[in-house]
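Chemist: below: sequence and its predicted model.
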Amino acid sequence: MSIASVLKIENLRTYFYSRSKEAFIRSVDGVNLEIDKGETLGIVGESGSGKSITALSTMGLISAEPGVIIGKIRLTTENVQKDLLQDLNNYVKINTSPGRIMEVYKDNSGWQKYTDRMMRGIRGKEISMIFQNPKVSLNPFITIGKQITESIMLNTPIKNRNEAKERALYWLEQVKIDSPRLRYNNNPHGLSGGMCQRAMIAMALSSEPSLLVADEPTTGLDATIQSKIVSLLAELKSSVGVTTMLISHDINVIMELSDKVAVMYGGTVLEHGPAKDVLTEGSLYKHPYTEALLASIPNEQHIREKGYLQAIKGDVLDTINIPEGCRFHARCKKITDKTREQCEHIEPDLNGVSPGHSVRCWLFI
Amino acid sequence: MKRYSQYSTNISDFSDVPFWKKAGTMDLVYVSYGIFIVILVIVSYILGAFNLLPFDPHEINIKLLMAPPKTAGHILGTDFMGRDILSRLIIGIQAYFLPGLLAIAIALVIGTCFGILAGYWGGGFDTAITYINNLLNSFPRLVLILLMVAAFKPDIYYIMVIVGITNVPVVASLIKGKIQFLKQKYFIEAATALGLKNRIIIFKHILWHNCRSVLIIQATLGMAEAILMETSLSYLGFGVQEPIPSWEIWFCLEPTTLCRASSGRRRHRHLLYCLPSWVFIYLATG
Amino acid sequence: MKLSAIRPILLLICKELAIAGLLLLGVSFIVFIILFLSPGDPFSLLLKGQMASDAVGAGTREALRVPAAWYAQYLSWLSNILRGNFGTSIRTGLPVLSEVIRVGINTLYLTIGSMLVTLLLAVPIAILSARRGMTVFTWTSTIFTYVVSALPVFWFGYIVIYISMHQFGLFPLAFGSSSQKIGWLYFMPPVLVLGIGNGTISEVVRYLREEMERVFSEDYIRLARAKGASIWKHSFKEGFLIPITEIIASKIPFILGGAVVVEQVFNWPGMGRMAWQAAQDRDYPLIMGITIVAAIIVRLGSLIQSVVYIIVNPRASQK
């Protein structure tokens, strides 16, 4: 663990329970991530790959019933060094049988209370989160100005309402909202999606967190607004320099904003490394999934090459029925006869292929 | 501590869990209540029809007024006119049943019509029916019944008509809400586009497949409510009049409401056949 | 609140008032129809406001110059109502409106008191079950509310009287309709009985709990939690204030109906008991007046609820 690491997630597993199927949904199944100070980690993946759940687990926003979180999340900032999932196991008793969770006894209200207590000084202050669908995420009954001011008063030493208001206006300017003084008194439904998202970013940054978690910040917006928000985030990255965990299924967004990239599929990280290595095409060591993702981006070059959009065949992994072996092997185009045995029956580990870059594939082991 | 367990280790075995496992214990309790009551009602009718009651419920026995239980073959004693309480109890179930049926019939039929008019065609119909709903909701039921009684005669059937009419807004708004919800799901548009031109066919889809559960719940709840109202009225002296045996005071528990609360997550048709009147017998102790 | 925001709110409130007015008009129409269709021809009495004997013949009617056509009758009757002239009671000869208002106050005490009792019981259960899920406590109390809701209120009332009076001698019940001073102790039993025994407590709990659970799962609450803010503060308006006013407004008719029975059981000098008496005596003007006043109370409750909604929810007033 490097000295500058802000967040280190070790072997995080988040399982949900489906009553109708009486089985555990393994949304996040063994994720290891590390974010250093000042850098942006981009997490890419299809829907259902567990990216959002990773973020929510970090924030402790998984609703108590019936989520079970196992693992270690270590947060290191100036004020706080702790394991966010410490002692959560006291409320959960797990019976496993061959490597698979069979039975869980969970004390729901205790778990919930404990999580809340644990995260009390952290949510908002140390870790801020912004969500998809900004219009719905802001409280429709309160003006955005008041919401930002509330965040400031709760999470920063500023306790005076007028000072907090000035600070809120400052941040509204930073996110390039037009006429901040006017917008301060607007309700969320009176603002467009882009403006709401800016307001949410302002709210998240105004509490001066050590880590910003951005869960699909551009997904709910129009295409033109998306690029504007992305450029705003890039500007803020250079001016404010906050450590970010950026989650998106849009590779272009990840490409523009991240320093490091992790590719997730079926609840695990398939590839992890610097953005340059992971996201440039034609690099030697790349997970077949990442390759396929990159090839499927609809841009001129790809369409000219093949003449059609190259989707990845098959469906996203069903996280209840996780098959043996590599999670991607059913859709993988690069299986060779040599590796077929292994791909189908044994799950590979993350293996370093170059400094800082690791891939979970039998092709590279 | 709550227990969550995996059904099987076999990966390929994740088909839907058999439904009897899905039903919780409380659901089974409710279903058995409901079936118990249905049986009671049926038994009551049969006994009455075939004169199998222990004593004639109308037979007045002057020698035995207000006898305590277990005298001379009367298991529950006799009332103040010497009539066997048990037989009257059994017959009494019938007295409440038919008028209640009238009430819910009116409520459901009119309410569904209104609901469909308002939900399906919307617009002017919607405003008009919302107005009517609010209007009907403005009256306390009992007060309106008293008005009826003052203006007309205190006939239980008239009263049940009022109960039915005042229940119309509830049914209408439920149906309207359901239809609006379904409309959002686009399949109604699809059905129309496919050329299901007979709106009646569309109503079959909407009503039968989708609203059936709601209607049954409403029917059973309405029945329970009607029965409660009848008892209150009997108490006040306006309900079923003598010589129909109805002096006993009943109260009804509503497992259906409980059903609805717990089965919100799983809409099993079986649970909806719970009739609500779990009848509890309270003997007037004078 | 900014001044510019107030005007659309006022407009909406006026709109609500207009709707309430229209509804009351409809109420009057329904009451009129019921009376009109009655075989007893009550309008000869109402429109002249005199105590007439039962044998009112057609000749007398013309002599009293009662208009014959139904819409004319309706209009003159309505104008009487609007002027406050509800006719006079057949039994006592006193003007209906003032009598109803005199006893209506007692009923209002009863109604509001019992609403408070219901809320006092329902709100904690709803909040606890929304926040902590179904624990042993919330589960049993929910079942308890269902059981209690199904009890006929008069049975419950008698049980309470029996237990408290005969067994323990608590809560003196003696008061006549002449005594206007209602002390605390006299007040308690009927209020408690109506508050607990009316069939609404289970629905209040269920509705409140559902609304709170729905609000807790909303995105903006998630953001509030992520911000470190108190979710109670954020969910108060939509999850608590609005559902409570809504459910109370919609349950007022039930509470009033229950009041009729409870007043009978406890001999409480209120509108409900008077209504029952009037129905027994076929006292049309009185029962008509009570019906209309009751409808007015219901509409008032509904109006208050709409106004609260408009004030609290910015989306309602800014299109």
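Modeler: Noted; the coordinates are in hand.

Chemist: quick one, phi/psi of the residue in the stretch 101-250 of chain B that chain A sits nearest to?
Modeler: In the stretch 101-250 of chain B, the residue that lies nearest chain A is B:Gln184 (16.9 Å; CB to the nearest CB). All C-beta spots, glycine's among them, are computed from the backbone N, C-alpha and C. Main-chain torsions, B:Gln184, degrees, to the nearest 10: phi -70, psi -20.

Chemist: equivalent analysis for A:Gly48, please.
Modeler: phi 90, psi 0.

Chemist: and the nearest residue to it once chain neighbours are set aside, how many neighbours?
Modeler: Nearest non-adjacent residue to A:Gly48, counting by CB to CB, 6 or more residues apart in numbering or on different chains: A:Val316, 4.8 Å away. Counted by other CB atoms under 10 Å in any protein chain shown, the residues lying close to A:Val316 total 14.

Chemist: let's verify A:Val316: helix, strand, or coil?
Modeler: Secondary structure assignment for A:Val316 (DSSP: H, G, I helix; E, B strand; the rest coil): coil.

Chemist: unless I'm mixing things up, it is touching A:Ser47, no?
Modeler: Yes. If you go by CB atoms under 8 Å, A:Val316 and A:Ser47 touch, sitting 6.8 Å apart.

Chemist: residues in the stretch 1-150 of chain C within reach of chain B, list them.
Modeler: C:22-24, C:26-27, C:30-31, C:34-35, C:37-40, C:42, C:142-143, C:146-147, C:149-150 (CB under 8 Å from any CB of the partner chain).

Chemist: model confidence for the residue in chain C that chain A sits nearest to, exactly?
Modeler: Residue nearest to chain A within chain C: C:Gly228 (3.0 Å; CB to the nearest CB). pLDDT, C:Gly228: 83.

Chemist: what residues does the residue nearest to it when sequence neighbours are not counted make contact with?
Modeler: Excluding the flanking residues, the one nearest C:Gly228 by CB to CB, 6+ apart is A:Gly124, at 3.0 Å. By CB atoms under 8 Å, 6 or more residues apart in numbering or on different chains, the residues touching A:Gly124 are A:151, A:154-155, A:207, A:209, C:226-229.

Chemist: A:Asp337 and C:Thr142: what is the separation?
Modeler: Note on A:Asp337: its distance to C:Thr142, by CB to CB, to the nearest Å, is 62 Å.

Chemist: these two: who's more crowded?
Modeler: Remark: of A:Asp337 and C:Thr142, C:Thr142 carries more neighbours, 21 against 6, as counted by other CB under 10 Å.

Chemist: my read: that one touches C:Ser129, true?
Modeler: Yes. The pair C:Thr142 / C:Ser129 is scored as a contact, 6.9 Å apart, by CB under 8 Å.

Chemist: between those two, what contacts are shared?
Modeler: In contact with both C:Thr142 and C:Ser129: C:Val205, using CB under 8 Å, 6+ apart.

Chemist: give me the three-state assignment for A:Ser20.
Modeler: Following three-state DSSP, the label given to A:Ser20 is coil.

Chemist: tally of neighbours for it?
Modeler: 10.

Chemist: could you check the pLDDT of it?
Modeler: So, for A:Ser20, pLDDT stands at 70.

Chemist: give me the distance between it and chain B.
Modeler: In this view, A:Ser20 and chain B are 7 Å apart by CB to the nearest CB, to the nearest Å.

Chemist: highest neighbour count among the contacts of A:Gly124?
Modeler: Going by other CB under 10 Å, A:Ser151 tops the contacts of A:Gly124 with 29 neighbours.

Chemist: tell me how many other residues crowd the residue of the stretch 151-286 of chain B found nearest chain C.
Modeler: For the stretch 151-286 of chain B and chain C, the shortest gap (CB to the nearest CB) falls at B:Ala151, measuring 3.5 Å. Counted with other CB under 10 Å, the neighbours of B:Ala151 add up to 23.

Chemist: can you check C:Leu116 too?
Modeler: C:Leu116: 12 surrounding residues under other CB under 10 Å.

Chemist: which elements pack onto the helix or strand that contains it?
Modeler: Using DSSP states H and E, C:Leu116 falls within helix C:96-132. Applying 3 or more CB pairs under 8 Å, 6 or more residues apart in numbering or on different chains; DSSP states H and E, we find helix C:96-132 packed against helix A:108-118, helix C:136-150, helix C:184-197, helix C:201-216, helix C:242-266, helix C:271-281, helix C:284-312.

Chemist: correct me, but A:His287 touches A:Trp362?
Modeler: No. Counting by CB under 8 Å, A:His287 sits too far from A:Trp362 to count as a contact (10.7 Å).

Chemist: these two: which has the busier surroundings?
Modeler: Of the pair A:His287 and A:Trp362, A:His287 is the one with more neighbours under other CB under 10 Å, namely 27 against 24.

Chemist: which residues touch the residue nearest to A:Phe141 when sequence neighbours are not counted?
Modeler: In space, and not counting its chain neighbours, A:Phe141 is closest to C:Lys237: 4.9 Å by CB to CB, 6+ apart. The contact partners of C:Lys237, by CB under 8 Å, 6+ apart, come to A:141, C:312-313.

Chemist: check A:Ser248 too.
Modeler: Going by CB under 8 Å, 6+ apart, A:Ser248 touches A:42-44, A:216-219, A:254.

Chemist: what's the lowest-pLDDT member of those residues?
Modeler: Minimum pLDDT across the contacts of A:Ser248 is recorded for A:Thr219, with 83.

Chemist: quick check, that residue in a strand?
Modeler: No. A:Thr219 is assigned coil when assessed by three-state DSSP, not a strand.

Chemist: confirm B:Ile116 sits in a helix?
Modeler: Yes. Counting by three-state DSSP, B:Ile116 is located in a helix.

Chemist: A:Leu12 touches A:Val68, doesn't it?
Modeler: No. Contact criterion CB under 8 Å: A:Leu12 and A:Val68 do not qualify, at 11.5 Å.

Chemist: what residues are up against the residue nearest to the residue of the stretch 151-286 of chain B closest to chain C when sequence neighbours are not counted?
Modeler: Using CB to CB, 6+ apart and skipping residues adjacent in sequence, the residue nearest B:Ala151 is C:Ser38, 3.5 Å away. In this structure, C:Ser38 makes contact with B:151-152, C:284, judged by CB under 8 Å, 6+ apart.

Chemist: confidence-wise, which of the helices and strands packed on helix C:96-132 is weakest overall?
Modeler: Among the helices and strands packed on helix C:96-132, helix C:184-197 scores lowest, with a mean of 72.

Chemist: which parts of that helix are buried?
Modeler: By neighbour count on 16 or more other CB atoms under 10 Å in any protein chain shown, the buried set for helix C:184-197 is C:186-197.

Chemist: do a quick rundown of the helices in the stretch 151-300 of chain A.
Modeler: Taking DSSP state H, counting those that start in this stretch as the criterion, the stretch 151-300 of chain A contains helices spanning A:161-174, A:180-183, A:193-206, A:223-239, A:251-257, A:275-279, A:288-295, A:300-306.

Chemist: for B:Tyr131, find the nearest of those helices.
Modeler: helix A:193-206 (36.8 Å; CB to CB).
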